[in-house]
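Trainee: everything below, folded, please.
(4 chains, ligands or ions: 4)
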Amino acid sequence: MPGCELRADMFNEIIVKNFSDPAFASELDEATASIEIGNPVCGDRIRVQLDVTDGLIKRARYQAWGCATSLATGNVFCACIDGKPLSVVLDTSNDDIETMLGELEPSQHHCLEMLRALFQWLKQIHAPAK
Amino acid sequence: MPGCELRADMFNEIIVKNFSDPAFASELDEATASIEIGNPVCGDRIRVQLDVTDGLIKRARYQAWGCATSLATGNVFCACIDGKPLSVVLDTSNDDIETMLGELEPSQHHCLEMLRALFQWLKQIHAPAK
Amino acid sequence: MSLQGYFDYNATTPMCQQAIDALNGALFDFGNPSSKYSLANISKQRLENARRQVARLVGCDSSELTFTSGGTEANNWAIKGTLTSRGSIGNAQPAHVIVSSIEHSSVLEIASYLERVFGFEVTRIKPNADGIVSAKAVEAVLRPNTQLVSIMLVNNEVGTIQPVGEISTLLRARGIHFHVDGVQAVGKIHVNAHELGVDTMSFAAHKFYGPKGVGGLYVRQGLTIEPLLHGGDQEGGLRGGTEAVALIVAMGAAAEAIYAVLPELVFRAANYRITFSRLLIEYVPGVSFHGPSDPEQQVPYTLSVCIDGIRAEALAAILDQMHGIQVSLGSACANNKTVSLSHVLVAMGVSERAIKATLRVSFGQYTEEQDLKRFVDAMAQGVRSLQRISKAVDH
Amino acid sequence: MSLQGYFDYNATTPMCQQAIDALNGALFDFGNPSSKYSLANISKQRLENARRQVARLVGCDSSELTFTSGGTEANNWAIKGTLTSRGSIGNAQPAHVIVSSIEHSSVLEIASYLERVFGFEVTRIKPNADGIVSAKAVEAVLRPNTQLVSIMLVNNEVGTIQPVGEISTLLRARGIHFHVDGVQAVGKIHVNAHELGVDTMSFAAHKFYGPKGVGGLYVRQGLTIEPLLHGGDQEGGLRGGTEAVALIVAMGAAAEAIYAVLPELVFRAANYRITFSRLLIEYVPGVSFHGPSDPEQQVPYTLSVCIDGIRAEALAAILDQMHGIQVSLGSACANNKTVSLSHVLVAMGVSERAIKATLRVSFGQYTEEQDLKRFVDAMAQGVRSLQRISKAVDH
Ligand SMILES: Cc1ncc(COP(=O)(O)O)c(C=O)c1O
Ligand SMILES: Cc1ncc(COP(=O)(O)O)c(C=O)c1O
Ligand code: FES
Ligand code: FES
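Mentor: Ligands and ions are numbered 1, 2, ... in the order given. Predicted structure coming up:
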């Protein structure tokens, strides 16, 4: 929309809740695993730190720079896995991942890619742990 | 205005009064002078009959077919001259004639021509009477 | 303003209470629907709700509707936009366009503009004496370079319903764009854009008890036409400009309200037309009617009434000034050089004398049976008075 | 809807009470202003009264104003209509048109349309770093076949006031049409079309507390331009379509109301701007402003605020969702392939990083001093929270 004043997107409730009160937006002093992903087009970045012990994700925390949806994405991801056994979390179906952020506007869809990438990454942590 | 529904004009108070209650719209059984004028474009016609005795217009009556403004024009003309000495009526200035019908919309302006023609005609009646 | 003397529903209609309420309700949520904060969402949702309400009335999907500032804009957009998208505007090789000669001025003037500015070939089809333009008549004037045909669904002056479905079938097969001016049809009779099979169709809220200054264009799914109002991304990028939220919401409410009563209204109007024409024939000497002999080919709201020997313009003035009755005319004073005669009646072959004697009477949802009687009385009285004034003059 | 968090007056404004009352008052007199019976006269007179009210605000004669459905229609009409009247549209020899690169989308998209459909040559002038397009800059790109220049009086994103008077003088001497998008100026600062010497100027009611969906075009006495909406003889034959009477009447009332308080409003806004920018600098780390260094070159209502290191889109979401505050942005998420950056800030040479950190704050007649304080508090809080979330990531 050239020439219009540009505006923030409309957000669904999940997104609103997760960016306005991001309980997991902090840092771990000691992390057993950590990743930073980003979207090269929009420049958004999410860093996740995990403390995984004996197959249990004891703590998951994130930091992010980006749009409100990507801030929410980090929190949604951490909330989903924090305190859970890695094996359970790895069972998260693709369908679950797709709906985890609620209904998105077209311009928000690419946040899903970051979410998918984060779940993908969990598999890699798991593998060496075996 | 091609293609629009066509509409009657807006009328000023003088026109309204004179066409809605045309006191002089009747016929004289015996007239000393009579004229019928018309506008070839719109087809409007006004006939005026006078009873002139000893330089006095004892009675002036009219008939008309045409738009509301031309019906009013006939009545305005008769009202102006009925019962008056011809000499007085002949003194009517051009300015008076121009304003006699009140303010007209552009499309009503050509009614003025009929009014002018009627006053013009009075002069001709007068001339042979001398 | 009293409605009992209002017989000009084809010109415009009063707003219904539902539309007034909706309009008032929408005034305070002023957020720009294109803004993305939550506050603006209300306006956006109201627009989409209105679009659903109007889609029902037009017989199409919401996604096929774009809001405009009225019927004229919709007609301009449909015709110019289509010809631009098809590459006919901005092309050295001029295309051919067909309109009926009884279209509304907006369509006729667009046609003249195309001729004048871009050298288009324009055919203006005359209707038959009933005021109907048949599919055959359209077929007869098609050319290899015909790009667009524009025929109105219902004529505003005589109320004829054109065989739009048949014309659609003809044109669809040939890939010619068919635009329909539906302004006098949508909200007045049953209309279903999909059944009609047209490509684009315009409408205006003020003809169905919505506000003035808002309307829309149906654009068949899959078609895209160049915008007329280039601008922001409003209306899916098809029509720039901050939306007239309050008017659109009011149009939606009017559409919903009229949709609910439309069959009943049409039925009642058909009865009115019968009563009315009977009364006129009984009480007013010299009355006749222009339009199709088959009442099915005419909307029930419109009567084009001719009173032989009467100058209708004077009669209308008497009705207005002495009886508070409003009608419109087939002819009006213009100026010293020309008479202004209804192009529709002229095209139907009506004589100048008859056109000058013609009034258009149109009624609507607030017309009551007793209003018809009062109207006929006033008319009979007016005619008598005019006859008295004119009996000694030739005409 | 509460107004204390509304900081998007440049997008649209709430209607003032005078406009609401006028609109309500006009709903019941539904006569079509083009009709000629006495009842319709009320609507006609209301239109003419509104025209006088608006003419005062625009600084022109009533006869120079034509009502439209808003700023976008007015821009489309002025540019396309002028080029048609001048014979540049519909001509094999393409003409040259100049716009600034910081125009509103309606003007920029018209320019692209002219290029794309008719092969026009278009020059888009970049502003200097302050966001100003000088008369010199315009002069430098004139060509022998330049037919039209379109420069906005006030920019909607950064509030810069363009030297329209000087550009007028330049163009008038050369017989080049000068169109001015006055949408962000009329009703916001002192405007006088005659003093500015422009040929055409557009405006929209919803920017000065009138309703959405109505506006107009000033056309200098003696000029005639081809209609965009061909149709009836409304608006002196310049713009077909049944008039949006209620909206026009409400626009008139809004114009009268704002005209009466305009000097005071401008004065207050100038103070607000000073207070506001001081507070921001004091409480929000890393704040800077885009726009001219000279405050005289900027309307007092608009601040383009950059907060270094912050993704403004997220800040706006926090302001909206947690504080009920509305602003607009210099950048927005678009899709996976492109970032959507303000074309105005890009043209001014602002970096992508800074644009992504930019919010537009605009205030108006209902903004109170305490709202500014509340805004700055919310902003400081939001920035802290975003910094906390992002401190460990590169950006
Ligand atoms: C500078 C400018 N021009 C034109 C417009 C378009 O006005 P409207 O939305 O009323 O069509 C706007 C506002 O949206 C604007 O800010
Ligand atoms: C058949 C027809 N088409 C188009 C129009 C134009 O509609 P609007 O005046 O809403 O632009 C009208 C009514 O005026 C009409 O009767
Ligand atoms: S803008 Fe790309 S993830 Fe948010
Ligand atoms: S129309 Fe010609 S005098 Fe009335």
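Trainee: for the rest of this, base every contact and every neighbour count on C-alpha atoms.
Mentor: Fine.
Trainee: I figured A:Glu30 hits A:Lys58, correct?
Mentor: No - contact criterion C-alpha atoms under 8 Å: A:Glu30 and A:Lys58 do not qualify, at 11.6 Å.
Trainee: which one of those two has more residues nearby?
Mentor: Higher neighbour count among A:Glu30 and A:Lys58: A:Lys58, with 16 against 10, using other C-alpha atoms under 10 Å in any protein chain shown.
Trainee: which SSE is the more buried one in?
Mentor: Using DSSP states H and E, A:Lys58 falls within strand A:56-65.
Trainee: give me the nearest residue to the spatially most central residue of chain A, chain neighbours excluded.
Mentor: For chain A, A:Gly74 is the residue whose C-alpha lies nearest the centre (C-alpha atoms, centre = their mean; 3.2 Å). Of all residues not flanking A:Gly74 in the chain, A:Tyr62 sits nearest, at 6.0 Å (C-alpha to C-alpha, 6 or more residues apart in numbering or on different chains).
Trainee: quick one: contacts for the one you found?
Mentor: The neighbours of A:Tyr62, taking C-alpha atoms under 8 Å, 6 or more residues apart in numbering or on different chains as the test, are A:24-27, A:46-49, A:74-75, A:78, D:389.
Trainee: longest helix of chain A?
Mentor: Criterion DSSP state H: the longest helix present in chain A is helix A:110-129.
Trainee: does ligand 3 sit close to that helix?
Mentor: Yes - counting by C-alpha under 6 Å from any ligand atom, ligand 3 is contacted by helix A:110-129 at A:110-111.
Trainee: which residues sit against that helix?
Mentor: A:33, A:37-39, A:69-70, A:73-74, A:77, A:86, A:90, A:97-98, A:101, D:335-336.
Trainee: ligand 4: which of the residues you listed is nearest?
Mentor: When the contacts of helix A:110-129 are compared for distance to ligand 4 (C-alpha to the nearest ligand atom), D:Asn335 wins out at 65.4 Å.
Trainee: show the pLDDT at that closest one.
Mentor: pLDDT, D:Asn335: 55.
Trainee: what residues does chain A put near ligand 3?
Mentor: Going by C-alpha under 6 Å from any ligand atom, the residues of chain A near ligand 3 are A:42, A:44, A:66-67, A:69-70, A:110-111.
Trainee: ok, 5 Å please
Mentor: Counting by C-alpha under 5 Å from any ligand atom, the positions of chain A adjacent to ligand 3 are A:42, A:67, A:70, A:111.
Trainee: narrow those to those in helices?
Mentor: A:70, A:111.
Trainee: dump the residues of chain A next to ligand 3 to a markdown table, plus neighbour count.
Mentor: A markdown table is the format used below for the residues of chain A next to ligand 3 (neighbours: other C-alpha atoms under 10 Å in any protein chain shown):
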| residue | neighbour count |
| --- | --- |
| A:Cys42 | 20 |
| A:Cys67 | 29 |
| A:Ser70 | 26 |
| A:Cys111 | 24 |
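Trainee: save the residues of chain A next to ligand 3 as a markdown table, and put in pLDDT and distance to D:Ala135 too.
Mentor: Shown next, in a markdown table, are these (pLDDT from 0 to 100; distance: C-alpha to C-alpha, whole Å):
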| residue | pLDDT | distance to D:Ala135 |
| --- | --- | --- |
| A:Cys42 | 84 | 37 |
| A:Cys67 | 90 | 40 |
| A:Ser70 | 93 | 45 |
| A:Cys111 | 89 | 45 |
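Trainee: can you report how many residues lie near C:Gly236?
Mentor: That count, for C:Gly236 with other C-alpha under 10 Å as the rule, works out to 10.
Trainee: returning to what we had before: would you turn the contacts of A:Tyr62 into CSV with secondary structure, pLDDT and distance to A:Trp121?
Mentor: Listed next are the contacts of A:Tyr62 as CSV, based on DSSP: H, G, I helix; E, B strand; the rest coil; pLDDT from 0 to 100; distance: C-alpha to C-alpha, whole Å:
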residue, secondary structure, pLDDT, distance to A:Trp121
A:Phe24, coil, 97, 18
A:Ala25, coil, 95, 19
A:Ser26, coil, 94, 20
A:Glu27, coil, 95, 19
A:Ile46, strand, 96, 13
A:Arg47, strand, 96, 12
A:Val48, strand, 97, 10
A:Gln49, strand, 96, 12
A:Gly74, helix, 96, 14
A:Asn75, helix, 97, 16
A:Cys78, helix, 97, 13
D:Ile389, helix, 94, 21
